[in-house]
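A.B. asks: Okay, here's the prediction I keep looking at, along with the sequence it came from:
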Amino acid sequence: MGWARRMIGVSVAIPMAGCSRSPSINVLGAYFPDWLFCIVAGVVLAIVVYIVLQRLQYADRLGPAAVLYPAFVTFFALVVWLIFFQH
């Protein structure tokens with residue numbers, strides 16, 4: 001019975017280790033989650049890529065825009081998170 005209780009305790013304690021710190025940033029007294037800033041940065045960087053590709057007249061040669069630009073947003077958001085918010 002003691003072994004089963006220990007296993008239950010360990011299985012409950014391991015997921016709780018992720019609750020140690022809230023991933024948020026204080027902006028003028030209000031706390032915003034990190035992922036919000038990453039998504040905003042991803043959208044801004046995807047818009048920059050869109051403008052550059054349009055000026056180079058290269059956007060038509062790539063895949064469908066409905067797939068390409070959300071993939072750019074996702075990629076840039078994850079890269080921003082890895083660079084700035086990974087502790």
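C.D. replies: Structure's in. What do you need? Numbers count the residues shown, from 1 in each chain.

A.B. asks: Give me the mean pLDDT for the helix or strand where Phe32 lies.
C.D. replies: For Phe32, the element it lies in under DSSP states H and E is strand 30-33. For strand 30-33, the mean per-residue pLDDT is 77.

A.B. asks: Run through the protein and note the low-pLDDT ranges.
C.D. replies: 1, 13, 15-23, 87 (pLDDT under 70).

A.B. asks: Nearest the middle, which residue of it would you pick?
C.D. replies: By CA atoms, centre = their mean, the chain has its centre lying nearest to Leu78, at 4.4 Å.

A.B. asks: Verify the contact between that residue and Ala41 for me.
C.D. replies: No - checked against CB atoms under 8 Å, the pair Leu78 and Ala41 is beyond contact range at 10.5 Å. Just so you know, the C-beta spots here come from the backbone N, C-alpha and C atoms, and that holds for glycine as well.

A.B. asks: What are the boundaries of the strands in this structure?
C.D. replies: 24-27, 30-33 (DSSP state E).

A.B. asks: Relative to the first one, what are the paired strands and their orientations?
C.D. replies: So the one you mean is strand 24-27. Strands that pair with strand 24-27, judged by DSSP bridges, come out as strand 30-33 (antiparallel).

A.B. asks: Next, the buried residues of stretch 33-52.
C.D. replies: Across stretch 33-52, burial judged by 16 or more other CB atoms under 10 Å covers Asp34, Phe37, Cys38, Ile39, Ala41, Gly42, Val43, Leu45, Ala46, Val49.
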